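sequence plus predicted model, see below.
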Amino acid sequence: MISLRAAVLGGGSWGTALAYLLARKGYKVKLWVRREEVASELNTRRENLRYLPGVFLPEGVTATASLEEALKGAEAVIFAVPSHAFREVVRETLPFLPPGAYVINGAKGLEVETRLRLSQVFATEAGEGALDRYVVLSGPSHAEEVAREQPTAVVVASRRWEAAEWAQEFLMCPFFRVYTNPDLVGVELGGALKNIIALGTGICEGIGFGDNAKAALMTRGLTEIARLGVRLGANPLTFTGLAGVGDLIVTCTSRHSRNRRAGWEIGKGKSLEEALAAVGMVVEGVRTTKVAYALAQELGVKMPITVETYKVLFEGLSPLVAAQNLMGRARTREIEEVGYC
Ligand SMILES: NC(=O)C1=CN([C@@H]2O[C@H](COP(=O)(O)OP(=O)(O)OC[C@H]3O[C@@H](n4cnc5c(N)ncnc54)[C@H](OP(=O)(O)O)[C@@H]3O)[C@@H](O)[C@H]2O)C=CC1
Ligand SMILES: O=C(CO)COP(=O)(O)O
């Protein structure tokens with residue numbers, strides 16, 4: 001077995017699951033968390049009680065609150081912090097990033113203030129050339145299942161094949177199958193935008209609607225994800241893959257999804273703040289809805305589900321009225337690009 005050194009940044013559910021996976025591959029893993037007391041609890045208990053209870057960390061994982069220590073000698077640095085913390089953590093990481101190390105980002109979101117994808121955020125901090133070693137990891141992969149070695153298939157994308165293939169080899173193991181895709185833009189957008197639809201699906205379930213409504217939201221949601229994605233330069237085929245429909249299915253249907261759960265709480269009548277408190281973990285779709293809503297207005301892209309979700313989250317629109325608004329839209333074709341002969 002090849003013994004590599006990896007730094008995983010972020011001790012939430014995803015960082016903990018990825019640290020578990022890499023240690024099971026025989027790598028030496030440093031798991032960086034921002035608080036000293038959390039690092040020492042992880043090292044003594046060997047369990048992340050708050051974010052991933054019931055999973056025991058293999059011996060190869062050592063937690064630390066020092067970025068310098070985490071990054072020392074790392075061949076790969078895996079970011080698993082929420083997207084709103086990504087720029088700040090990248091900035092703090094850069095002085096210690098070993099030259100030649102690959103950067104793999106597992107976060108699924110967009111930066112609210114700039115509306116940038118996270119690879120663009122990375123490039124603004126680390127320089128454009130650093131993207132040659134930057135890889136995004138996405139696809140249907142709930143931490144709770146990965147860390148229990150349940151079969152999972154994901155996708156890695158980079159602007160350089162060599163970097164994507166390196167990450168593929170680095171991450172792949174019998175319970176974690178990794179595909180490559182050259183479409184960095186599409187893979188990033190698929191992972192971020194599906195969370196909006198998962199919130200919508202959760203709301204719909206919370207209201208008490210059935211499976212027909214859920215399937216309609218997922219299908220029409222995919223249409224608007226692809227519309228915005230293509231407008232931003234993505235390959236439409238990416239949205240038929242793991243980072244598109246794959247992640248959409250899992251996030252809209254899984255009991256593990258925090259986005260779906262937050263939506264469900266809202267559908268049941270909770271405010272956004274109450275729903276987020278009930279979930280107690282990151283709900284990326286809330287910020288992503290803000291960004292996608294702004295991009296849709298600015299670029300003139302039709303995204304009715306995103307617009308109604310935005311109004312429910314931020315303008316106090318009743319979920320029931322949002323559903324009526326969607327059902328009452330003017331009649332239209334399913335595939336606008338295909339005409340009648
Ligand atoms: N969970 C999953 O199954 C998957 C998650 N993802 C993505 O991974 C990313 C991380 O999510 P996840 O692990 O689930 O989140 P969690 O809510 O489980 O944990 C968040 C973690 O981030 C830490 N954190 C929050 N703010 C900062 C900050 N400013 N600096 C450093 N650390 C910070 C928290 O630390 P503290 O406790 O100190 O606040 C906590 O350890 C998200 O973008 C998510 O979409 C992708 C695939 C699967
Ligand atoms: O992206 C995920 C699974 O692929 C995690 O989704 P949630 O953040 O909704 O739990």
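Great, that's in hand. Ligands and ions are numbered 1, 2, ... in the order given.

quick check: beta-bridge partners of the nearest residue to residue 79 once chain neighbours are set aside?
Spatial nearest neighbour of residue 79, chain neighbours left out: residue 105 (4.5 Å); criterion: CB to CB, 6 or more residues apart in numbering. Every residue, glycine included, has its C-beta placed from N, CA and C. On the basis of DSSP bridges, residue 105 is bridged to residue 79, residue 136.

residue 105 contacts residue 135, correct?
Yes. Residue 105 lies in contact with residue 135 (CB atoms under 8 Å); the separation is 7.2 Å.

between the two, which one's more packed in?
Taking other CB atoms under 10 Å, residue 105 and residue 135 do not tie; residue 135 has more neighbours (29 against 25).

next up, the contacts around that one.
The contact partners of residue 135, by CB atoms under 8 Å, 6 or more residues apart in numbering, come to 102, 103, 104, 105, 156, 157, 158, 163, 164, 166, 167.

can I get those residues in JSON lines including pLDDT, secondary structure and distance to residue 302?
Formatted as JSON lines, the contacts of residue 135 follow (pLDDT from 0 to 100; DSSP: H, G, I helix; E, B strand; the rest coil; distance: CB to CB, whole Å):
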{"residue": "102", "pLDDT": "98", "secondary structure": "strand", "distance to residue 302": "38"}
{"residue": "103", "pLDDT": "98", "secondary structure": "strand", "distance to residue 302": "35"}
{"residue": "104", "pLDDT": "99", "secondary structure": "strand", "distance to residue 302": "34"}
{"residue": "105", "pLDDT": "99", "secondary structure": "strand", "distance to residue 302": "29"}
{"residue": "156", "pLDDT": "99", "secondary structure": "strand", "distance to residue 302": "31"}
{"residue": "157", "pLDDT": "98", "secondary structure": "strand", "distance to residue 302": "26"}
{"residue": "158", "pLDDT": "98", "secondary structure": "coil", "distance to residue 302": "31"}
{"residue": "163", "pLDDT": "98", "secondary structure": "helix", "distance to residue 302": "35"}
{"residue": "164", "pLDDT": "98", "secondary structure": "helix", "distance to residue 302": "32"}
{"residue": "166", "pLDDT": "98", "secondary structure": "helix", "distance to residue 302": "39"}
{"residue": "167", "pLDDT": "98", "secondary structure": "helix", "distance to residue 302": "35"}
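
just give the nearest non-adjacent residue to residue 74, would you?
Closest residue in space to residue 74, ignoring its immediate chain neighbours: residue 7 at 4.1 Å, by CB to CB, 6+ apart.

pLDDT value on residue 187, please?
In this prediction, residue 187 carries a pLDDT score of 98.

I'd say it and residue 158 touch.
No. Using CB under 8 Å, residue 187 is not in contact with residue 158; the gap is 9.2 Å.

what about the two, which has more around it?
A direct count of neighbours by other CB under 10 Å for residue 187 and residue 158 places residue 187 higher, at 35 against 27.

that one and residue 274, how far apart?
Distance, residue 187 to residue 274, by CB to CB, to the nearest Å: 33 Å.

then residue 166?
Counting by CB to CB, the gap from residue 166 to residue 274 is 44 Å.

who's more crowded, the two?
The neighbour count for residue 166 versus residue 274, taken as other CB under 10 Å, is higher for residue 166 (20 against 13).

quick one, what contacts that one?
Counting by CB under 8 Å, 6+ apart, residue 166 makes contact with 102, 135.

the same query, at a cut-off of 7 Å, please.
By CB atoms under 7 Å, 6 or more residues apart in numbering, the contact set of residue 166 is residue 102.

what's the answer for residue 226, then?
For residue 226, the contact set (CB under 7 Å, 6+ apart) comprises 236, 239.

A strand includes residue 113, no?
No. Secondary structure of residue 113 (DSSP: H, G, I helix; E, B strand; the rest coil): coil, not part of a strand.

do you know how far it is from residue 168?
32 Å.

between those two, who's got more neighbours?
Between residue 113 and residue 168, residue 168 has the larger neighbour count (other CB under 10 Å), namely 18 against 9.

show me the contacts for the closest residue to residue 322 other than its chain neighbours.
Excluding its sequence neighbours, the residue lying closest to residue 322 (CB to CB, 6+ apart) is residue 308, at 4.0 Å. Listed by CB under 7 Å, 6+ apart, the contact partners of residue 308 are 322, 325, 326.
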